[in-house]
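In: no sequence on hand, only this structure:
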């Protein structure tokens with residue numbers, strides 16, 4: 001069984017508009033090596049972690065912290081969820097009491113942050129429409 005070391009390298013790279021090719025060249029490693037680091041299949045030395053953090057302009061510890069792990073709410077993700085949820089509710093012509101709407105936002109936030117982290121995506125990739133069936137079931 002292969003152990004995986006979760007990190008946010010891919011997310012940070014994408015947030016900065018860098019391709020794997022561009023980042024790997026800046027780091028002086030192959031795309032395969034970078035992919036293995038991003039997927040947590042290879043461990044990093046402290047020197048490599050500092051190098052990646054420097055190139056991505058983040059603190060080294062930020063390479064291992066996800067918003068839901070730090071206890072902090074990612075406001076960009078929540079904002080996107082609220083906007084998309086409102087649009088979806090209007091399109092489906094569903095009226096939802098404010099408490100239930102808040103509960104839906106929190107439930108979707110939890111699912112989306114896990115999906116975004118797992119897939120190495122950023123807040124730009126939030127897609128509430130994926131939860132349309134769940135939403136209709138929860139509202140009715």
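Out: Received it, and whenever you're ready, just let me know what you need. Please read all numbers here as calculations on a predicted model, not as lab measurements.
In: where is the longest helix in the protein?
Out: helix 98-119 (DSSP state H).
In: which helices and strands does that one pack with?
Out: On a contact count with 3 or more C-beta pairs under 8 Å, 6 or more residues apart in numbering; DSSP states H and E, helix 98-119 meets helix 67-70, helix 75-91, helix 132-139. C-beta here means a position set from N, CA and C on the backbone, and glycine is covered the same way.
In: looking at those, which is closest to residue 101?
Out: helix 75-91 (7.2 Å; C-beta to C-beta).
In: before we move on, back to that, for the helices and strands packed on helix 98-119, give me TSV that also has mean pLDDT and distance to residue 11.
Out: Output for these, formatted as TSV (pLDDT from 0 to 100; distance: least, C-beta to C-beta, whole Å):
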stretch	mean pLDDT	distance to residue 11
helix 67-70	46	10
helix 75-91	90	11
helix 132-139	74	24
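In: picking that back up, buried ones in the longest helix of the chain?
Out: 101, 104-105, 108-109, 112-113, 116-117 (16 or more other C-beta atoms under 10 Å).
In: confidence-wise, which of those residues comes last?
Out: Lowest pLDDT among those: residue 117, with 82.
In: I'd say that one and residue 11 touch.
Out: Yes - in this structure, residue 117 is within contact of residue 11 by C-beta atoms under 8 Å, at 7.2 Å.
In: in this protein, which helix or strand is least confident?
Out: helix 67-70 (a mean of 46; mean pLDDT, DSSP states H and E).
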